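Q: Show me how the following folds:
(2 chains)
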Amino acid sequence: MSNVIEVTQLGKDYATAAGAFAALKSVSLTIAQGEFVAIMGPSGSGKSTFMNLLGCLDYPSRGEYKLDGENVSLLSSDALAALRNRVIGFVFQGFNLLPRLNARDNVALPMLYRGAGSGERKQHADEMLAKVGLAGLGDRRPNQLSGGQQQRVAIARALANSPQLILADEPTGNLDSHTSDEVMGLFTELNHSGITVVLVTHESDIAKYAKRLVRFKDGEMVYDGHPEGGL
Amino acid sequence: MNAFAMLAESWRAIIANRMRSFLTMLGMIIGVAAVVLMLAVGQGAQSAIDETISSMGSNLFIVLSGATTSGGQRMGLGTAPTLTMNDAAALAEVPNITAAAPVQPGTAATVYAGNNWSTSITGVTPDYLQVRNWAVASGFAFTDADVRGAARVALVGKTVADNLFGDENPVGKTMRIKQSPFTVVGVLEAKGQSLDGRDQDDVVLVPVTTAQRKLFGSQFPGSVRFIMVQANSAEAMPAVEKEMNVLLRSRHRIAEDADADFSVRNLSAMAEASASATRIMSYVLGAIASISLIVGGIGIMNIMLVSVTERTREIGIRIAIGARHRDILLQFLLEAVTISLIGCLIGVGLGIGGAWAVQKFAGFPVLVTPDIAVLAFSVAAGVGVFFGFYPARRAALMNPIDALRYQ
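A: A predicted model of the protein is given here:
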């Protein structure tokens, strides 16, 4: 099985008044195609920094990160944008839908930046909405949808360009437990279809859905293994 | 990202903040309308002046005879009989002079049927029509033969024709000037007002010899009040002026240190001065109006900066899911340009409407040429790009992590 993510001695420093602060010290990790990984850790543990690096939203200070075989440090920010657009689907805690756009246009947004035509965008967006169980709700605005529905729209958007990897940052943080279970069911389903899922959470119940657990503490990886052993 | 989709995005953003977009546009609308109106008024004044100048004739000099002294009082230029028909003939031979037309003006009452009309009777040669760039609307001009024979023929101006003959065609009719009968051989084309507001069409032209001998008898036969001289180009005028002075001084036997008994004036230079004053006025008006365009542009920049800040999170999302620098830059730039161009379109409409109203209600001459609209349009697009660029660049250069975290 090929590796989607290959991280070697990855580190990230932030400049502070007291000098450089290593938010992430040195992390090595590989995630293979089709894995379902949960990342946990207290705040300040470096897990958000790690997710930002995985998501190609930030450049590492040290080490090497290969996403889909490409060395991210060597790419320009426009090339990174294209890589994110093609390989990664993002799901955020706060859904992060554009309030002015209806559900269909929100889902179609990544296709727009890929350069897809309007007919293809509309058709494919409706397919993706049906896939997450929101068939027929394409014309609703985000504020006309429940929290769970909004997160499903966000997942449909993440799926729009058929990514290999879905990065989810606390995807159930704003949802009640029932809706959380539904959303996690959806992630599990997607994972069964072959998509690699990496999610950050602080809830053990959510982490149990994953097949592999990674724990961070003080900028270092402290556990990497089966969820049962790390909770 | 294709252009149409981008335009739709911009339009959606503009519509989402209708009131704000409209107020921002208002700045552009007022600026563009002011520029269009001012340029229209300026061009209108310009074209009115140009018309007047071309009605006067081009590259013109006027040579006035000297002043007489009567009982210790000097009577003013043109009162002494120092210029003659022969002077005019001699001037016509000077290189670069196309024509020299002697003129003997006077005033007299004219009568036709039951109508009478007091007007200026100007004694001229056929050259006068060429120098003044004046055409005959109906009938024919009189000829050199009429001048030699001091014939009783007349060309009437439009005003005289209207007042004396009414609806009748004056050509071939006999009118009376100072009791003597004159045959009307033609009607002059209408010229309108001169630079100083006189009606140039209120005139009757007769052969200069007829004026001298039969209408305004003078004790100095052959003398004329002034000579109108036309040079063949504007460039030749300074040299021609010098030559005329030399020629006339020698013909009049004037010692080198004595005052001349004539004076040469460059009419075209005077007209050019008034035309350039008008041109400067229209530039100044346009410049003042374009200040309001700049203010409008600053309004756009201001609102775009607010919009970029407000939409920080949106920008973060777009960058995260794959928007490149230029996608974001173009999105916001297009928004600024769209606001600017719509404002400009409305402004051009308002400006043209305003120009029409000025013409209709204030009686000011205005002229709206297509290049005014084209100019206003390209300036507005330029303003949109110039003032939209900084906010758009700020949006494009945002750090996606910070932008996504923005509340």
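
Q: Where does pLDDT dip in the stretch 201-350 of chain B?
A: By pLDDT under 70, the low-scoring segments of the stretch 201-350 of chain B are B:218-219.

Q: repeat that for 90
A: Within the stretch 201-350 of chain B, the ranges that satisfy pLDDT under 90 run B:209-226, B:231-242, B:244-246, B:248-296, B:326.

Q: got the residues of it near chain A?
A: Counting by C-beta under 8 Å from any C-beta of the partner chain, the stretch 201-350 of chain B comes close to chain A at B:313-314, B:316-327. Backbone N, C-alpha and C define where each C-beta goes, glycine included.

Q: which of those residues are buried?
A: B:313-314, B:316-325, B:327 (16 or more other C-beta atoms under 10 Å in any protein chain shown).

Q: farthest pair in the residues of the stretch 201-350 of chain B next to chain A?
A: B:Arg313 and B:Arg326 (20.6 Å; C-beta to C-beta).

Q: thinking again about what came up before, just put the residues of the stretch 201-350 of chain B next to chain A in CSV and tack on secondary structure and distance to A:Thr30.
A: Shown next, in CSV, are those (DSSP: H, G, I helix; E, B strand; the rest coil; distance: C-beta to C-beta, whole Å):
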residue, secondary structure, distance to A:Thr30
B:Arg313, helix, 33
B:Glu314, helix, 34
B:Gly316, helix, 29
B:Ile317, helix, 29
B:Arg318, helix, 30
B:Ile319, helix, 27
B:Ala320, helix, 24
B:Ile321, coil, 25
B:Gly322, coil, 25
B:Ala323, coil, 29
B:Arg324, coil, 29
B:His325, helix, 31
B:Arg326, helix, 34
B:Asp327, helix, 32
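
Q: May I see these organised as JSON lines, with distance to B:Trp356 added?
A: Shown next, in JSON lines, are these (distance: C-beta to C-beta, whole Å):
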{"residue": "B:Arg313", "distance to B:Trp356": "48"}
{"residue": "B:Glu314", "distance to B:Trp356": "44"}
{"residue": "B:Gly316", "distance to B:Trp356": "50"}
{"residue": "B:Ile317", "distance to B:Trp356": "49"}
{"residue": "B:Arg318", "distance to B:Trp356": "46"}
{"residue": "B:Ile319", "distance to B:Trp356": "49"}
{"residue": "B:Ala320", "distance to B:Trp356": "53"}
{"residue": "B:Ile321", "distance to B:Trp356": "51"}
{"residue": "B:Gly322", "distance to B:Trp356": "51"}
{"residue": "B:Ala323", "distance to B:Trp356": "46"}
{"residue": "B:Arg324", "distance to B:Trp356": "47"}
{"residue": "B:His325", "distance to B:Trp356": "46"}
{"residue": "B:Arg326", "distance to B:Trp356": "43"}
{"residue": "B:Asp327", "distance to B:Trp356": "43"}
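
Q: what does chain A put close to chain B?
A: Checking chain A against chain B by C-beta under 8 Å from any C-beta, the hits are A:52, A:55, A:57-58, A:77-78, A:81-82, A:84-86, A:90, A:92, A:96, A:98, A:100-101, A:109-110, A:112-115, A:117-118, A:157, A:161.

Q: Buried among those residues? Make that a ChimeraX selection.
A: Applying 16+ other C-beta under 10 Å to the residues of chain A next to chain B leaves a buried subset, and the ChimeraX line that selects it is:
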select /A:52,55,57,58,81,82,84,85,90,92,96,98,100,101,109,110,112,113,114,157,161
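
Q: what about A:Glu228, neighbour count?
A: A:Glu228 has 8 neighbours, counted by other C-beta atoms under 10 Å in any protein chain shown.

Q: Please report the distance of it from A:Lys211.
A: 11 Å (C-beta to C-beta, to the nearest Å).

Q: A:Asn96 too?
A: Distance from A:Asn96 to A:Lys211, by C-beta to C-beta: 26 Å.

Q: that older thread, quick one: which of the residues of the stretch 201-350 of chain B next to chain A is nearest chain A?
A: Nearest to chain A among these is B:Gly322, at 2.5 Å by C-beta to the nearest C-beta.

Q: doesn't A:Arg114 make contact with that closest one?
A: Yes: judged on C-beta atoms under 8 Å, B:Gly322 makes contact with A:Arg114 at a distance of 6.8 Å.

Q: just the helices in chain A please.
A: All helices of chain A, identified by DSSP state H, fall at A:47-54, A:77-87, A:103-114, A:118-131, A:147-159, A:177-192, A:204-207, A:227-230.

Q: contacting residues for the closest residue to chain B within chain A?
A: Closest residue of chain A to chain B, C-beta to the nearest C-beta: A:Asn85 (2.5 Å). Counting by C-beta atoms under 8 Å, 6 or more residues apart in numbering or on different chains, A:Asn85 touches A:110, A:113-114, A:161, B:321-322.

Q: how about those residues in CSV, adding distance to B:Met281?
A: Output for these, formatted as CSV (distance: C-beta to C-beta, whole Å):
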residue, distance to B:Met281
A:Pro110, 58
A:Tyr113, 53
A:Arg114, 57
A:Asn161, 61
B:Ile321, 56
B:Gly322, 56
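
Q: hmm, which two among those are most spread apart?
A: Among the contacts of A:Asn85, A:Arg114 and B:Ile321 lie farthest apart (C-beta to C-beta), at 9.9 Å.

Q: helices or strands up against the longest helix seen in chain B?
A: Ranked by residue count, the top helix of chain B under DSSP H comes out as helix B:267-310. Judged by 3 or more C-beta pairs under 8 Å, 6 or more residues apart in numbering or on different chains; DSSP states H and E, helix B:267-310 is in contact with helix B:18-56, strand B:60-65, helix B:325-357, helix B:370-396.

Q: The closest residue to A:Gly117 other than its chain neighbours and B:Ala150: what is the separation?
A: Nearest in space to A:Gly117, with sequence neighbours left out and distances taken as C-beta to C-beta, 6 or more residues apart in numbering or on different chains, is B:Asn2 at 7.7 Å. Separation of B:Asn2 from B:Ala150 (C-beta to C-beta): 85 Å.

Q: which residues does the residue nearest the centre of chain A bridge with?
A: Closest residue to the average C-alpha location of chain A: A:Leu167 at 1.2 Å, with C-alpha atoms, centre = their mean. Beta-bridge partners for A:Leu167, by DSSP bridges, are A:Phe90, A:Val198.

Q: Which pLDDT value goes with it?
A: For A:Leu167, the model assigns a pLDDT of 93.

Q: just B:Phe377 next, same as before
A: In this model, B:Phe377 carries a pLDDT of 82.

Q: list the contacts for it?
A: So B:Phe377 contacts B:341, B:344-345, B:348 (C-beta under 8 Å, 6+ apart).

Q: Likewise for B:Asp199?
A: With C-beta under 8 Å, 6+ apart, B:Asp199 has these contacts: B:159, B:192-193.

Q: quick one: contacts for the residue in the stretch 151-300 of chain B positioned nearest to chain A?
A: Closest residue of the stretch 151-300 of chain B to chain A, C-beta to the nearest C-beta: B:Ile300 (20.2 Å). Neighbouring residues of B:Ile300 by C-beta under 8 Å, 6+ apart: B:24, B:27-28, B:336, B:339-340, B:383-384, B:387-388.

Q: tell me which of those residues is nearest to B:Val358?
A: B:Met28 (21.2 Å).

Q: Least confident of the helices of chain A, on average?
A: Across the helices of chain A, helix A:227-230 gives the lowest mean pLDDT, at a mean of 75.
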